[in-house]
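Participant: Got a sequence here, can you build the structure:
(4 chains)
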Number of protein chains: 2
Amino acid sequence: MKPRINTMGELSVAIGVSRPTLSRFFQDPSRVKAATVKRIEEGLERVEYVPNFFATRMNRKSTDIIGVIIPYLNDLFFNKLLESIEFAAMEAGMTVITLCSHSDPAIEARAAETFMSMNVDGAVVMPLGDHSDQKVHFRLKSRLPFVLVDSRPNTMPNVDYVGTNHVQSTGLITEYLCRVGAPPVFLAMPRGTNFNALERENAYILKSKELGFAPEIIGTEMLQDNWHFEDHGEAALGAEFAQGRLMDRSILCANDRVAVGAIRAAARHGLVPGSSTKGGLRIAGHDENPLCPYLNPALTTVAQNTDAIGKKAVSRLLQIIRGNVEDDTPEITLFDGYLKLRESA
Amino acid sequence: MKPRINTMGELSVAIGVSRPTLSRFFQDPSRVKAATVKRIEEGLERVEYVPNFFATRMNRKSTDIIGVIIPYLNDLFFNKLLESIEFAAMEAGMTVITLCSHSDPAIEARAAETFMSMNVDGAVVMPLGDHSDQKVHFRLKSRLPFVLVDSRPNTMPNVDYVGTNHVQSTGLITEYLCRVGAPPVFLAMPRGTNFNALERENAYILKSKELGFAPEIIGTEMLQDNWHFEDHGEAALGAEFAQGRLMDRSILCANDRVAVGAIRAAARHGLVPGSSTKGGLRIAGHDENPLCPYLNPALTTVAQNTDAIGKKAVSRLLQIIRGNVEDDTPEITLFDGYLKLRESA
DNA sequence: TCCTCCCTTTTACACGTGTAAAGCGTGCCG
DNA sequence: CGGCACGCTTTACACGTGTAAAAGGGAGGA
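Facilitator: Take a look at the predicted model:
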């Protein structure tokens, strides 16, 4: 076992280089002459030393940390977004610390406090649908560079935001469904749960006017008492099928998890949604949840460009952090969705 | 806006309470007289102050942080495990910091260094199947309380470990499949990728000897060049179906993600695996991935007790941290799996 | 009125590293 | 050989909080 060394001071006597030089070395080796770098690196080979994370961050003007808040862990879509954010931040040399709200506004609030107490350089927040405490977001915004991602309360128009253009994305899939069959019915989320679902619903109505068909919307009420989107989709569409309705229609779901439930409802009624069957049931979703290709039938959907969203969120944050902003006008960036045609529609 | 205060020193003059008393208050209000607590709390109402996370952790003997390493983000099973760990740690008053390996041993190694530099009280690691650099785990183990979770290299028998008893769990589903139909074929993972899959394969062979049938194993070779377990399952079973084989057998898959692919392969060949069809194709998995109930058909599987595993990992870690261990014998805890009977088998 | 106990304040030092300023040694150039 | 620039060392102070020891103050009891 190598001898263990706890402080930079001990290390400096152990390898015969002054402490300030070591400090510069650990921050950026190029600030130290090559020969000295070699001597330090050889010394580190013979010894067990790790600089103290807290001590280093306490004194730097910048902590090089980006805090990310994710709403819950049981949804691969958010994990994909998180992955994209983490890679973008890694590339920029930032350390990412992720905290999860676990569907609880109180936990989200605590996470925000933790980030403030850490003096993170900036924060990326994916909110809890309608359930976030907006005071928490305002507080974060007032204290540090802050970007909202994925969804946005309509009461916060003055915050940097990166997301999907739901008018475009929902319009795209609506047009597609009209092109290959009868105009779709919209399977919504219950009221008061999810900004994105409501935006898509409105985009669907808009597109229906443009194309000249009468919008039909189901699933606006909560039939289930739990919070699983899949169960909501299954219950809402199942109720229609039970009355013999909609069995040969196109169903556009507010998101993929609702669509998963819709497909289950179809299976229970002996129906197989599909693009190949002429004039039959079709089901489409929204988001491109990673499990879409593996469903039976594989789910046709509109992909959100999670890669672009994550990259943009990080680059915008860095722009604010580094002060490369002429004015403090918040920037709203919306990426287009793109069709993912599979078996279900 | 409330006036912003940056240090405990400023706060102490602002509300007229000495700094050491404030320090005690923030660590544990019960160590301060009730009247003083009230005065401090009233003061905090009028002022904007957050204690510095780094400064507090630097000087305490204990950082109250548990570090968790998760192998990748695109698998809900690990997220479920993480959720259980986070709740258990939260209940114990610990802060959890999670870092993701993103399938890359180098990133995993960096995460381990980060935890060591943070002086976390302990670390929970879910390894990268066969791909973790074991030196990293040994290094962590030598420096701090350390528990391995979910999977374990056979070269690390002397480390605390919490997981599932695969002999029991695989035996259970094997027995079930034998009870309701012909003895199952085992759909394995390619060699050199996954300790758990191999353990289950061995458990299957063991049980086949006990029940007196000849084990049949497919999928030990990698047909796909990518790393998606689902694609492996689809390719391996699809190759059998293409030859007209196994179309009326029970298929026991090494895990649920492989089973997802197996179900896809069945669908492509016009087969519907199911428990209801007499003598027909059956497909079963292992793990109870959260998406199992939403597949078509819903996947029969053996659930790992993720809740118990997460709780035990945290409680064992706390036991080591608090020194409540008589000797340093590593503790191996294996929980039983339990059947989740659904449509597919 | 005095004593005692409890909680607070005061004072001082500690944690491990960042960072600025001044002094020193070395090698290069003319 | 003298001068200069560069990079290192030395020295000193800073960050924000933990923590220990000693001194102070107020309430309660005798």
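
Participant: Sketch out the strands for the stretch 201-345 of chain A, chain order is fine.
Facilitator: Ranges of strands in the stretch 201-345 of chain A, per DSSP state E, counting those that start in this stretch, are A:217-218, A:250-253, A:282-284, A:301-303, A:332-335, A:338-340.

Participant: looking at these, which is closest to B:Leu237?
Facilitator: Distances from B:Leu237 to each of these were compared by CB to CB, and the smallest falls on strand A:338-340, at 24.5 Å. For the C-beta atoms, the positions are set from N, CA and C on the backbone; glycine is no exception.

Participant: partners of the closest one, with directions?
Facilitator: If you go by DSSP bridges, strand A:338-340 pairs up with strand A:301-303 (antiparallel).

Participant: neighbouring contacts of the partner strand?
Facilitator: By CB atoms under 8 Å, 6 or more residues apart in numbering or on different chains, the surrounding residues in contact with strand A:301-303 are A:169-170, A:172-173, A:256, A:259, A:284-289, A:292, A:337-340, A:342.

Participant: The same query, at a cut-off of 7 Å, please.
Facilitator: A:169, A:172-173, A:256, A:284-288, A:292, A:337-340 (CB atoms under 7 Å, 6 or more residues apart in numbering or on different chains).

Participant: Please indicate which of those are buried?
Facilitator: Buried subset of these (neighbour count, 16 or more other CB atoms under 10 Å in any protein chain shown): A:169, A:172-173, A:256, A:284-288, A:292, A:337, A:339-340.

Participant: of these, closest to DNA strand D?
Facilitator: Nearest to DNA strand D, judged by CB to the nearest atom of the strand, of the buried ones among the contacts of strand A:301-303 is A:Asp287 at 41.5 Å.

Participant: Report the contact partners of A:Ile263.
Facilitator: A:Ile263 touches A:Pro273, A:Ile283, A:Leu295, A:Ser344, B:Asn296, counting by CB under 7 Å, 6+ apart.

Participant: One more: A:Gln243?
Facilitator: Applying CB under 7 Å, 6+ apart, no residues qualify as near A:Gln243.

Participant: for it, phi and psi?
Facilitator: Main-chain torsions, A:Gln243, degrees, to the nearest 10: phi -90, psi 10.

Participant: Quick check: the residue lying farthest from the centre of chain A vs A:Glu42, distance?
Facilitator: Going by CA atoms, centre = their mean, the residue of chain A most distant from its centre is A:Gly16, 48.2 Å out. Separation of A:Gly16 from A:Glu42 (CB to CB, to the nearest Å): 11 Å.

Participant: Where do the domain boundaries of chain A fall?
Facilitator: A:8-51, A:65-163+A:306-337, A:166-303 (automatic domain parsing).

Participant: sorry, back to before: per-residue pLDDT of the residue farthest from the centre of chain A, please?
Facilitator: Among the per-residue scores, A:Gly16 holds a pLDDT of 92.

Participant: again with A:Thr277
Facilitator: For A:Thr277, the predicted pLDDT is 69.

Participant: which residues does whichever residue of the stretch 201-345 of chain A sits closest to DNA strand D contact?
Facilitator: The minimum distance from the stretch 201-345 of chain A to DNA strand D, using CB to the nearest atom of the strand, falls at A:Ile321 (18.2 Å). Counting by CB under 7 Å, 6+ apart, A:Ile321 touches A:Asp121, A:Gly122, A:Pro145.

Participant: and the gap between the residue in the stretch 201-345 of chain A positioned nearest to chain B and A:Arg249?
Facilitator: Going by CB to the nearest CB, chain B is nearest to A:Asn296 of the stretch 201-345 of chain A, at 3.9 Å. Between A:Asn296 and A:Arg249 the computed distance is 20 Å (CB to CB).

Participant: now swap in A:Ala109 and tell me
Facilitator: The value you get for A:Ala109 to A:Arg249, if CB to CB is used, is 43 Å.

Participant: who's more crowded, these two?
Facilitator: A:Arg249 (21 against 18; other CB atoms under 10 Å in any protein chain shown).

Participant: you'd agree A:Val37 is in a helix?
Facilitator: Yes: the assignment for A:Val37 is a helix, going by DSSP: H, G, I helix; E, B strand; the rest coil.

Participant: Identify the residue nearest it in space, chain neighbours excluded?
Facilitator: A:Pro29 (5.2 Å; CB to CB, 6 or more residues apart in numbering or on different chains).

Participant: Mind checking which of the contacts of strand A:301-303 are in helices?
Facilitator: A:Ser169, A:Leu172, A:Ile173, A:Asp256 (DSSP state H).

Participant: For those, work out which two are farthest apart.
Facilitator: A:Leu172 and A:Asp256 (15.3 Å).

Participant: before we move on, the earlier item: using JSON lines, lay out the buried ones among the contacts of strand A:301-303 together with distance to A:Arg139 and pLDDT.
Facilitator: Converted to JSON lines, these look like this (distance: CB to CB, whole Å; pLDDT from 0 to 100):
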{"residue": "A:Ser169", "distance to A:Arg139": "31", "pLDDT": "98"}
{"residue": "A:Leu172", "distance to A:Arg139": "37", "pLDDT": "98"}
{"residue": "A:Ile173", "distance to A:Arg139": "37", "pLDDT": "98"}
{"residue": "A:Asp256", "distance to A:Arg139": "32", "pLDDT": "97"}
{"residue": "A:Ala284", "distance to A:Arg139": "39", "pLDDT": "97"}
{"residue": "A:Gly285", "distance to A:Arg139": "35", "pLDDT": "98"}
{"residue": "A:His286", "distance to A:Arg139": "31", "pLDDT": "98"}
{"residue": "A:Asp287", "distance to A:Arg139": "29", "pLDDT": "97"}
{"residue": "A:Glu288", "distance to A:Arg139": "33", "pLDDT": "97"}
{"residue": "A:Cys292", "distance to A:Arg139": "37", "pLDDT": "94"}
{"residue": "A:Gly337", "distance to A:Arg139": "32", "pLDDT": "98"}
{"residue": "A:Leu339", "distance to A:Arg139": "39", "pLDDT": "98"}
{"residue": "A:Lys340", "distance to A:Arg139": "38", "pLDDT": "97"}
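
Participant: and which of those is nearest B:Ala214?
Facilitator: Nearest member of the buried ones among the contacts of strand A:301-303 to B:Ala214, counting by CB to CB, is A:Cys292, at 38.6 Å.

Participant: Next, the contact list for that closest one, please.
Facilitator: Neighbour list for A:Cys292: A:Asp256, A:Gly285, A:Ala298, A:Leu299, A:Thr301, A:Lys340, A:Arg342 [criterion: CB under 7 Å, 6+ apart].
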